[in-house]
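Participant: Kindly generate the corresponding structure for this input.
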Amino acid sequence: MSRRKAMKLASRGKRFGAACIDMIIPATSCFIAIVALSVMIVREMMYNPGFGYGYGYGYGFGYGYSAGPSAGIVTAFIISSIISLAYVIIQLIFFNKSRTIGKAALGLQVVSSNDGEPVGFWKMLFREWFVKSASASVFLLGFIWILIDDKNRGWHDKILDTYVVDLKESAALIASEPAPEPVYVRESPAAPAGRPTPKSSPAPVPAPETIQGIVETEDRGAEIMDSALEVADVVVMAAKQAADKPEPAEPDYDNVNAVTSEISEGAAEE
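Facilitator: Reported below is the predicted structural model:
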């Protein structure tokens, strides 16, 4: 009989901390990109004021100067892109373990509510990049739902039927459980001395307790079958002996009467 897995749900505080860690890297990348874009816009406004001069009689001219993005701005955009690409790759690696960067940092994992097993790469990818948009669609109500749910689940957890568990506390919970009671298997009775081992009975093979019980049950069944065959052999032999024994001849009453009459006549003559 299989035992249910003992797992500890992740606390609301740890789930919030993991979400914050997951947002730090993309937020940093976006901040760098926004600052670089703002500096570039300011530089364009400073170096390209749009001054112009005109003269009468259809003649005029204007001038302007564009500084273009500086080396620092280009470097900032490159750094932002590298950070974003690295973040996506690392997240995909952790998705294969049913975790995110934040969940891995705090020892959390996403598991299925059916069997407690990790949900796997594709379900994790669908959960993080698509289903979570449903939780964020209505004023982040799907994430706020974690605060009132009895099992600390958001809308994205309910949609995919998942839990977020704390691996460290789950391991401690399993270690604190009492050890299962030992299973005792009754030994098979020893065969009497001088009795040949039945050919149909396999030689005993060391096996775990559960398998050993099955093997020994099969051995006892073989012994019972052998005993039944022996009794059947005895019954068949007795039947054969009874069939081969000659039946006693019936007395010939006519001859007996004739002999008796002769004896009676002889006695009368005397």
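Participant: secondary structure class for V111?
Facilitator: strand (DSSP: H, G, I helix; E, B strand; the rest coil).
Participant: My read is that it contacts R99, right?
Facilitator: No - between V111 and R99 there is no contact under CB atoms under 8 Å: 10.5 Å. In this view, the C-beta of every residue, glycine as well, is placed from N, C-alpha and C.
Participant: So which of these two has more stuff around it?
Facilitator: R99 (23 against 20; other CB atoms under 10 Å).
Participant: what's that one sitting at in phi/psi?
Facilitator: phi -140, psi 170 (degrees, to the nearest 10).
Participant: for it, what are its contacts?
Facilitator: L108, Q109, V110, M124 (CB atoms under 8 Å, 6 or more residues apart in numbering).
Participant: Count the neighbours of the closest residue to A19 other than its chain neighbours for me.
Facilitator: Spatial nearest neighbour of A19, excluding adjacent residues (CB to CB, 6 or more residues apart in numbering): G102 at 6.2 Å. Neighbours of G102 under the rule other CB under 10 Å: 22.
Participant: Then K8?
Facilitator: 15.
Participant: Could you report the separation of the closest residue to it other than its chain neighbours from G120?
Facilitator: Excluding the flanking residues, the one nearest K8 by CB to CB, 6+ apart is E169, at 3.9 Å. Counting by CB to CB, to the nearest Å, the gap from E169 to G120 is 22 Å.
Participant: who's more crowded, these two?
Facilitator: Taking other CB under 10 Å, E169 and G120 do not tie; E169 has more neighbours (17 against 14).
Participant: Tell me the pLDDT of that one.
Facilitator: On the pLDDT scale, E169 is placed at 89.
Participant: if I've got this straight, it is in a helix?
Facilitator: Yes - under three-state DSSP, E169 sits within a helix.
Participant: Redo the contacts of R99 as TSV? Include neighbour count.
Facilitator: As requested, the contacts of R99 are exported to TSV (neighbours: other CB atoms under 10 Å):
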residue	neighbour count
L108	25
Q109	22
V110	25
M124	25
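Participant: Kindly reformat those as TSV containing pLDDT and distance to A71.
Facilitator: Below are the contacts of R99 laid out as TSV (pLDDT from 0 to 100; distance: CB to CB, whole Å):
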residue	pLDDT	distance to A71
L108	96	42
Q109	96	44
V110	96	43
M124	96	40
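Participant: With distance to A238 as added columns, please give those in a markdown table.
Facilitator: Formatted as a markdown table, these follow (distance: CB to CB, whole Å):
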| residue | distance to A238 |
| --- | --- |
| L108 | 78 |
| Q109 | 73 |
| V110 | 74 |
| M124 | 76 |
